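Participant: Got a predicted structure here, sequence first:
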Amino acid sequence: MLFRRTQKLFWRTQKLFWRTQKLFWRTQKLFRRTQKLFRRTQKLFRRTQKLFRRTQKLFRRTQKLFWRTQKLFWRVHNTLYETTRIETYAGHTCVYTLAQAGRGLLAQAKRRWGSCF
């Protein structure tokens, strides 16, 4: 009788041991997966930060170009003696001026607004 009880206890202990082992292995797997996901998340976060910084730089550059173009536009268009063509590219702004006096636009302006020119 004692032998049977001891045997039962032994088998129960064995079952518990294997269950514990399985749980331990599952926990290890989950831990590894969590580590991998964490590393991937870190990489993605770094990439996102880099892209965000690049986007900010591009935005600032675009703003600078826009303001430069506006300044040039107002400088050039505040004179009636010449007409301009402004071309803006990714890296710089080009301003082309052509004399208008020969075309008679200055004369038209004088006729319209008087001799203030």
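Facilitator: Done, it's in. Numbering: from 1, shown residues only.

Participant: going forward, measure contacts between C-alpha atoms and count neighbours the same way
Facilitator: Fine.

Participant: per-residue confidence for Gln6?
Facilitator: One correction, residue 6 is Thr, not Gln. Note for Thr6: predicted pLDDT of 93.

Participant: element containing it?
Facilitator: Following DSSP states H and E, one finds Thr6 within helix 2-77.

Participant: Trp74 and Arg47: what is the separation?
Facilitator: Applying Cα to Cα, to the nearest Å, the value for Trp74 to Arg47 is 40 Å.

Participant: Least confident secondary structure element in the protein?
Facilitator: strand 93-99 (a mean of 55; mean pLDDT, DSSP states H and E).

Participant: How many neighbouring residues does Thr69 have?
Facilitator: The tally of other residues near Thr69 (other Cα atoms under 10 Å) stands at 19.

Participant: How much space separates it from Met1?
Facilitator: 100 Å.

Participant: Ok, Lys29 next?
Facilitator: Distance of Lys29 to Met1, computed by Cα to Cα: 42 Å.

Participant: and those two? which has more neighbours close in?
Facilitator: Neighbour count, other Cα under 10 Å: between Lys29 and Met1, Lys29 has more, with 12 against 6.

Participant: what sits against that one?
Facilitator: Going by Cα atoms under 8 Å, 6 or more residues apart in numbering, Lys29 touches no other residue.

Participant: burial count for Leu65?
Facilitator: 18.

Participant: An error on my part: the question was meant for Leu72.
Facilitator: Leu72 - counted by other Cα under 10 Å - has 17 other residues nearby.

Participant: ok, it to Phe66 distance?
Facilitator: 10 Å.

Participant: before we move on, what about Arg4?
Facilitator: 91 Å.

Participant: Which one's more surrounded, these two?
Facilitator: Phe66 (14 against 9).
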